[in-house]
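**Student:** What shape does this take:
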Amino acid sequence: MSKEIKFKACEELDFANNYSAKKVLIYGTKVCWERDVVDDVSSPRLVQYCKKSGRLNYPDSCLREADKMCSDYKEFEHTVII
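**Tutor:** Coordinates of the predicted model:
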């Protein structure tokens, strides 16, 4: 069953269905990506994807300005189906 989530985060976060990872709900109100990591325990399982920077190795990257990974943070309301 699909669920629509609306939340504010950086405009550059990418929630398009272009990745082999799946979208998961975190903090009850936000979305990140869960990757299938089998062999490499040092590779992060929960990540974000940025349109400008690629994979961000923390699930809370750019979900709010205090957790921004670059100076290009611009708040935006995302609507994501998970």
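**Student:** any weak-confidence spans in the protein?
**Tutor:** 40 (pLDDT under 70).
**Student:** How many residues are close by the closest residue to residue 69 other than its chain neighbours?
**Tutor:** Using C-beta to C-beta, 6 or more residues apart in numbering and skipping the chain neighbours, the partner closest in space to residue 69 is residue 61 (5.1 Å). Heads up, the C-betas are built off the backbone N, CA and C, glycines and all. By other C-beta atoms under 10 Å, the residues close to residue 61 number 23.
**Student:** Surely residue 61 and residue 48 touch.
**Tutor:** Yes. In this structure, residue 61 is within contact of residue 48 by C-beta atoms under 8 Å, at 4.5 Å.
**Student:** sorry, back to before: how near is the residue nearest to residue 69 to residue 38?
**Tutor:** Between residue 61 and residue 38 the distance is 23 Å, computed by C-beta to C-beta, to the nearest Å.
**Student:** Also residue 69?
**Tutor:** The gap separating residue 69 from residue 38 is 26 Å, by C-beta to C-beta.
**Student:** Specify which residue of the two has the higher count of neighbours.
**Tutor:** residue 69 (17 against 7).
**Student:** which residues sit in contact with that one?
**Tutor:** Contact partners of residue 69, counting by C-beta atoms under 8 Å, 6 or more residues apart in numbering, are 50, 53, 56, 61, 62.
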